[in-house]
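Trainee: sequence first, then the predicted structure:
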Amino acid sequence: MTYRTRSRIRQLSVVFVTAALACGQVGRVCGDETTPMGGMDFRKVVKAAKTKVFPAVIFIKCIREGHESGKKLSQEVSGSGVLISAEGEALTNWHVVDKAVNVRCQLYDGRAMDAKVVGTDKDTDLALIQLDVPDDAGPLPHAMLGDSSRLKEGDFVMAMGAPWGMNRSVSIGIVSCTRRFLPEHSEYSLWLQTDAAISPGNSGGPLVNTDGETVGLNTRGVMTGGDMGFAVPSDTIKCIVAQLREHGEVNWSWTGLQIQPLRNFNRNIFFDASEGFIVAETDPDSPAREAGFVPKDRIISINGKSLTAMTEENLPAIRRHIGLLPKNKPAVVEIVRGDKRITVELTPREKGKVEGEELDCPRWDFTVKAINQFDNPRLHFFHKKGVFVYGIKSPGNATASNLQTQDILLKVDGKEIVTLDDVKAIHRSAIEDVDRKHRIVLFVLRDGLMRQVVLDYSRDYEKE
């Protein structure tokens, strides 16, 4: 057999395999309904799984009120969700319903229903909503939550939702990674990575396995390339949804422990140990600092439960365990410090709000927001409690006065600013007296330095 003949055979083999895969078969020619996949046609497997869940997918439209542009602004946003009960309970993402004043859902059969937000958790980007189901509507189609821990890389999955606001669709791909660690994107959960197309609008829709179970909630996608999307695993959802039902929030416990694994390839840090995890630092005024934890302490167990983080992928589970510890109740922590094993009592506190409230200041043409240590750690470092400039309208009086976002308000018109109510009272008084006085002095903290800003609000940009 000549080289040219062998090459031609290889080319034909590639074409043959490609054609077989294009027909939805695995290792068989088109038309043969028997495949190694459980003795079923793969197309039938996909169709059966889609049929179970697709009717439970909902299209969500929200009217959201935000202050990012320097004034209170209402806008329509859309996303996806999945019904998880016949009575109209549905899952979606926190960022889909965040700051929503109206939530409306469209079902698979075209029916439209209002919904109320039952509970949200920004830390895991999850939300639970309840549709306002008419008495004569009957039971709604709903999906079952599967076991995401059983997923393997290469398993087929489908991403369902409403990409780009186009009602609903389904895309297919595989699980690219079952335990993706994304720093800065949820400290309490790993992510499922898939190459099934996830676009804006898919957020909150289900990621479905070939058994027709929801194994994740689509949350993030990469705009360039289109082959990398991320979903919150169903195992995390099960842990969170019970608390959203009962409390409307998770209300995590907070210790101020900053932790790192025993092996950190990216930072080239390796500890000579096979159990536990490392204290990297403790937050100021935190329970961990009060308890006496210091960097390089190696925590072995908490309340007798052994905990180990060999790599970064193990950190979210440990943070979740710490975050669910009882509040205001001492936990016994076993640590290794140097060559000694000691125990330390750590008393978690309520984490509380992870984002500050917002306030619109019309005519001044800027909005303000309360400083929150979790949402604005840099500003919190400079000023533990206070208010900062959140958004600035352009054109507007604040822009003309050279006020800047992230400026911390210390004093306005000679009065000290601590809370949003302080700003609200001064603003109301100033607007009522605008015909007589239309200029005030603001003392702000900008990048750690105090500055004086004169705000002239004589112009009414809304009427121009």
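Mentor: Received, thanks. Residues are numbered from 1 along each chain as shown.
Trainee: going forward, measure contacts between C-alpha atoms and count neighbours the same way
Mentor: Will do.
Trainee: point out where the stretch 251-400 of the chain drops to low pLDDT.
Mentor: Counting by pLDDT under 70, the stretch 251-400 of the chain contains no low-confidence residues.
Trainee: at 90 instead, please
Mentor: Across the stretch 251-400 of the chain, residues meeting the criterion (pLDDT under 90) sit at 251, 266-267, 339.
Trainee: can you map out the strands along it?
Mentor: 253-254, 257-260, 263-264, 269-270, 277-282, 298-302, 305-306, 331-337, 340-346, 349-350, 358-361, 366-370, 387-392 (DSSP state E, counting those that start in this stretch).
Trainee: with distance to residue 107 and mean neighbour count added, can I get those in TSV?
Mentor: Written out in TSV, the entries for these read as follows (distance: least, Cα to Cα, whole Å; neighbours: other Cα atoms under 10 Å):
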stretch	distance to residue 107	mean neighbour count
strand 253-254	37	22
strand 257-260	43	20
strand 263-264	46	17
strand 269-270	51	12
strand 277-282	46	21
strand 298-302	46	22
strand 305-306	45	11
strand 331-337	46	18
strand 340-346	48	15
strand 349-350	38	16
strand 358-361	33	21
strand 366-370	36	25
strand 387-392	36	25
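Trainee: quick one: closest of these to residue 194.
Mentor: Evaluated with Cα to Cα, the strands of the stretch 251-400 of the chain place strand 263-264 nearest to residue 194, the distance being 24.5 Å.
Trainee: the closest one packs against which elements?
Mentor: Judged by 3 or more Cα pairs under 8 Å, 6 or more residues apart in numbering; DSSP states H and E, the packing partners of strand 263-264 are strand 269-270.
Trainee: on that earlier part again, which of the strands of the stretch 251-400 of the chain sits closest to residue 46?
Mentor: Smallest distance to residue 46 across those (Cα to Cα): 39.4 Å, for strand 263-264.
Trainee: make a markdown table from the strands of the stretch 251-400 of the chain and add distance to residue 208 to it.
Mentor: As requested, those are exported to a markdown table (distance: least, Cα to Cα, whole Å):
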| stretch | distance to residue 208 |
| --- | --- |
| strand 253-254 | 32 |
| strand 257-260 | 33 |
| strand 263-264 | 33 |
| strand 269-270 | 38 |
| strand 277-282 | 34 |
| strand 298-302 | 35 |
| strand 305-306 | 33 |
| strand 331-337 | 39 |
| strand 340-346 | 40 |
| strand 349-350 | 35 |
| strand 358-361 | 37 |
| strand 366-370 | 39 |
| strand 387-392 | 39 |
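Trainee: contacting residues around residue 68?
Mentor: Counting by Cα atoms under 8 Å, 6 or more residues apart in numbering, residue 68 touches 367, 390-392.
Trainee: ok, 10 Å please
Mentor: Residue 68 makes contacts with 358, 360, 366-369, 389-393, 405, as judged by Cα atoms under 10 Å, 6 or more residues apart in numbering.
Trainee: please parse the protein into its domains.
Mentor: Domain segmentation of the chain under automatic domain parsing yields 3-32, 41-250, 253-350, 358-463.
Trainee: deepest of those domains, which one?
Mentor: When neighbours are counted by mean count of other Cα atoms under 10 Å, the highest per-stretch mean among the domains of the chain falls to domain 41-250, a mean of 20.
Trainee: any idea how far apart the tips of that one sit?
Mentor: End-to-end distance of domain 41-250: 43 Å, with Cα to Cα, to the nearest Å as the criterion.
Trainee: do the same with stretch 396-408
Mentor: By Cα to Cα, the extent of stretch 396-408 from end to end equals 19 Å.
Trainee: distance from that stretch to the middle of the chain?
Mentor: With Cα atoms, centre = their mean, to the nearest Å as the basis, the distance from the averaged C-alpha position of stretch 396-408 to the chain average is 30 Å.
Trainee: if I read this right, residue 252 contacts residue 187, doesn't it?
Mentor: No - the pair residue 252 and residue 187 fails to qualify as a contact (Cα atoms under 10 Å) at a distance of 11.6 Å.
Trainee: what touches both of these two?
Mentor: Here residue 252 and residue 187 share the contacting residues 123, 320, scored by Cα under 10 Å, 6+ apart.
Trainee: can you pull out the helices in the chain?
Mentor: Residue ranges of the helices in the chain, as given by DSSP state H, are 3-22, 42-53, 94-97, 234-247, 287-291, 315-323, 377-382, 397-400, 420-432.
Trainee: need those in a markdown table with distance to residue 62, can you?
Mentor: Putting the helices of the chain into a markdown table (distance: least, Cα to Cα, whole Å) gives the following:
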| stretch | distance to residue 62 |
| --- | --- |
| helix 3-22 | 39 |
| helix 42-53 | 23 |
| helix 94-97 | 7 |
| helix 234-247 | 20 |
| helix 287-291 | 39 |
| helix 315-323 | 30 |
| helix 377-382 | 29 |
| helix 397-400 | 30 |
| helix 420-432 | 26 |
